[in-house]
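J.: Give me coordinates for this.
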Amino acid sequence: MFKIFGSSSAVNKKKQKDKEYAFLASVISILVGLLIAILLLFLLEFAKAESDYSKPLIGMRNYFTYSFTSATTFSKIFYNAAPLMLTGLAVGFAFKAGLFNIGATGQYTFGAFFALIAAILWQFPWWAALLVSIVAGAFWGVIPGIFKAFFNINEVITSIMLNWAGLYLVNLLFYNLPKIHTVLPNRTDNLAFTNPKAILPDFGLNQIFNTSFINIGIIIAIIVAVIIYIVLEKTVFGFEIKSCGLNKNASIYAGIKAKRTIILTMLISGGLAGLGGGIVYLAGTVQYTIESSLLSMGFSGIPVALLAYSHPLAIIATSVFIGFLESSGSGLQGLYSYEMTGVILSVIIYFSAFALIVSHFIKKVLKRKGQSDGDQGDGPVIEAVKPETDKPKEQLETKGVVG
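T.: Now for the predicted structure:
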């Protein structure tokens, strides 16, 4: 007979190792992406008639220093990071429930457009317009959740289809709401003239950074990330979400209402993406224009979530990093074309998304090394317990066990 004692210290040690592996995997993935980007620049020089192999090194130096050359360029890191953080949270929150919300870009578009409707047509203040963006994104996000919960239709398929449906529905509404674009036929009116109170306040940050690209959007995004962390780690609902993500059938057997959990998860995920769209277009720096292709912001949230392993607090860091990469792209201009800047950024982000694969590879290598070294790991403690009949014969005789 054996008793198995789950050592809390061993469990905590394993969790700490998993975090270290995750961090190491993210760093390795980023470094691989940077290395491939540098190699592409060298290959580009090699293909030229007059090669200058110093340009790739100068270009990468400019790339990593550009965002720190002025307060304006530095503030763009956080301007880019705010919507990335929210779309990353949208994707990561769905990941926790075992769902792949690839429809974040449609929910982002829906939230952005309805925030502008609330701001321009309904003359809502900024905070009310943000609430509208959350509701709009949540509405577009819950549809795949309903199909998944009740009909077991893969959420990837429905969310991809709804991305395009959302884009063209927004374009249709755009053309049928002429009061939202009175100046230009394909662009919404500037909030500074139509409804200044709908622009996100900056609380004096613009005076510090001397730019209009900074506002409370990044603060809102960080607060939301902390709230999502509390929900996932400190509430029963968060436990239910993670349980469904690990094993849906076992969760149902344990009494968790999986259908409700899936629907609510996609509802909240869509609301987060919609809020990201509202923050961008209520900043007062850009206007929504008629689009023929999907907005990339929703897709950029995928590598943000993958790099952070869907951890809400880690998403804060990864979104700032991706925001830094996006804002630093201008540092390559003058040496390389704008298209090449996009290629370099795409390569880095693409390889950053391999963090999960790299983590599994690291664990596999270390596990093999541990086995070759005779390491038994940090599993539970197994203790052999003697059965009752192993007692001395004299004691058993007095109890009538042995005649």
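J.: Do you have the strands of the stretch 101-250 of the chain handy? List them.
T.: Under the criterion DSSP state E, counting those that start in this stretch, the stretch 101-250 of the chain contains no strands.
J.: Pull the number of nearby residues for Tyr53.
T.: 10 (other CB atoms under 10 Å). From N, CA and C alone the C-beta is placed, and that goes for glycine too.
J.: can I assume it is in contact with Leu41?
T.: No. With contact defined as CB atoms under 8 Å, Tyr53 and Leu41 do not form a contacting pair (9.4 Å).
J.: Could you give the average pLDDT over stretch 308-319?
T.: For stretch 308-319, the per-residue pLDDT values average out at 91.
J.: show me where the stretch 201-350 of the chain has helices.
T.: Secondary structure of the stretch 201-350 of the chain (DSSP state H, counting those that start in this stretch): helices at 205-209, 217-234, 236-246, 248-253, 258-281, 297-307, 312-327, 338-352.
J.: now for those helices, which one comes closest to Thr87?
T.: Comparison of the helices of the stretch 201-350 of the chain against Thr87 by CB to CB identifies helix 297-307 as nearest, at 2.9 Å.
J.: Could you name the helices and strands sitting against that closest one?
T.: helix 8-46, helix 71-96, helix 104-116, helix 258-281, helix 312-327, helix 338-352, helix 355-372 (3 or more CB pairs under 8 Å, 6 or more residues apart in numbering; DSSP states H and E).
J.: so of those, which one's packed in deepest?
T.: Of those, the one with the most neighbours on average (mean count of other CB atoms under 10 Å) is helix 104-116, at a mean of 31.
J.: Give me the angle between it and helix 258-281.
T.: 60 degrees (axes from the mean of the first three to the mean of the last three CA atoms, to 10 degrees).
J.: Now do Ala115 against Gly33, distance only.
T.: Computed with CB to CB, to the nearest Å, the distance linking Ala115 and Gly33 is 33 Å.
J.: Could you do Ile344 as well?
T.: Applying CB to CB to Ile344 and Gly33 gives a distance of 9 Å.
J.: Low-confidence bits of the stretch 201-350 of the chain, can you list those?
T.: Low-confidence segments of the stretch 201-350 of the chain (pLDDT under 70): 338.
J.: picking that back up, could the helices of the stretch 201-350 of the chain go into JSON lines alongside distance to Phe174?
T.: Below are the helices of the stretch 201-350 of the chain laid out as JSON lines (distance: least, CB to CB, whole Å):
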{"stretch": "helix 205-209", "distance to Phe174": "30"}
{"stretch": "helix 217-234", "distance to Phe174": "23"}
{"stretch": "helix 236-246", "distance to Phe174": "35"}
{"stretch": "helix 248-253", "distance to Phe174": "39"}
{"stretch": "helix 258-281", "distance to Phe174": "13"}
{"stretch": "helix 297-307", "distance to Phe174": "18"}
{"stretch": "helix 312-327", "distance to Phe174": "26"}
{"stretch": "helix 338-352", "distance to Phe174": "26"}
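J.: Among the ones you listed, which comes closest to Thr73?
T.: helix 312-327 (6.4 Å).
J.: helices or strands next to the closest one in the packing?
T.: Checking 3+ CB pairs under 8 Å, 6+ apart, helix 312-327 ends up next to helix 71-96, helix 217-234, helix 297-307, helix 338-352.
J.: would you list the ones you listed in TSV and tack on distance to Arg187?
T.: Shown next, in TSV, are the helices and strands packed on helix 312-327 (distance: least, CB to CB, whole Å):
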stretch	distance to Arg187
helix 71-96	19
helix 217-234	21
helix 297-307	18
helix 338-352	21
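J.: For Leu162, see how far away the closest residue to Phe351 other than its chain neighbours is.
T.: Closest residue to Phe351 apart from its sequence neighbours, by CB to CB, 6 or more residues apart in numbering: Gly33 at 3.3 Å. The gap separating Gly33 from Leu162 is 30 Å, by CB to CB.
J.: cool, Ile222 as well?
T.: 28 Å.
J.: How about Leu282?
T.: Separation of Leu282 from Leu162 (CB to CB): 23 Å.
J.: Please convert the helices and strands packed on helix 297-307 to a markdown table, extending it with distance to Leu306.
T.: Output for the helices and strands packed on helix 297-307, formatted as a markdown table (distance: least, CB to CB, whole Å):
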| stretch | distance to Leu306 |
| --- | --- |
| helix 8-46 | 9 |
| helix 71-96 | 8 |
| helix 104-116 | 13 |
| helix 258-281 | 15 |
| helix 312-327 | 9 |
| helix 338-352 | 7 |
| helix 355-372 | 6 |
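J.: Nearest to Ser292, out of the ones you listed?
T.: helix 104-116 (12.6 Å).
J.: Could you list every helix and strand that the closest one packs against?
T.: Contact analysis of helix 104-116 by 3+ CB pairs under 8 Å, 6+ apart lists helix 71-96, helix 126-151, helix 155-175, helix 258-281, helix 297-307 as its packing neighbours.
J.: Next up, the contacts around the nearest residue to Lys257 once chain neighbours are set aside.
T.: Among residues not flanking Lys257 along the chain, Glu240 sits closest, at 7.8 Å (CB to CB, 6+ apart). Applying CB atoms under 8 Å, 6 or more residues apart in numbering, we find Glu240 in contact with 251, 256-257, 261.
J.: Give me the pLDDT for the residue nearest the centre of the chain.
T.: Of all residues in the chain, the one closest to the mean position by CA atoms, centre = their mean is Gly88, 1.9 Å from it. Per-residue confidence at Gly88 stands at 94 (pLDDT).
J.: Chain neighbours aside, what residue packs nearest to it?
T.: Using CB to CB, 6+ apart, the closest residue to Gly88 is Val304 (3.2 Å).
J.: tell me the contacts of the one you found?
T.: So Val304 contacts 84-85, 87-88, 91-92, 315, 318-319, 322 (CB under 8 Å, 6+ apart).
J.: Give me the domain ranges for this structure.
T.: 1-53+337-403, 74-336 (automatic domain parsing).
J.: who touches the residue nearest to Phe351 in this structure?
T.: Counting by CB under 8 Å, 6+ apart, Gly33 has contacts 347-352.
J.: In space, what's closest to Ala136 - neighbours in sequence excluded?
T.: Nearest residue to Ala136 in three dimensions, chain neighbours excluded: Phe114, at 3.7 Å (CB to CB, 6+ apart).
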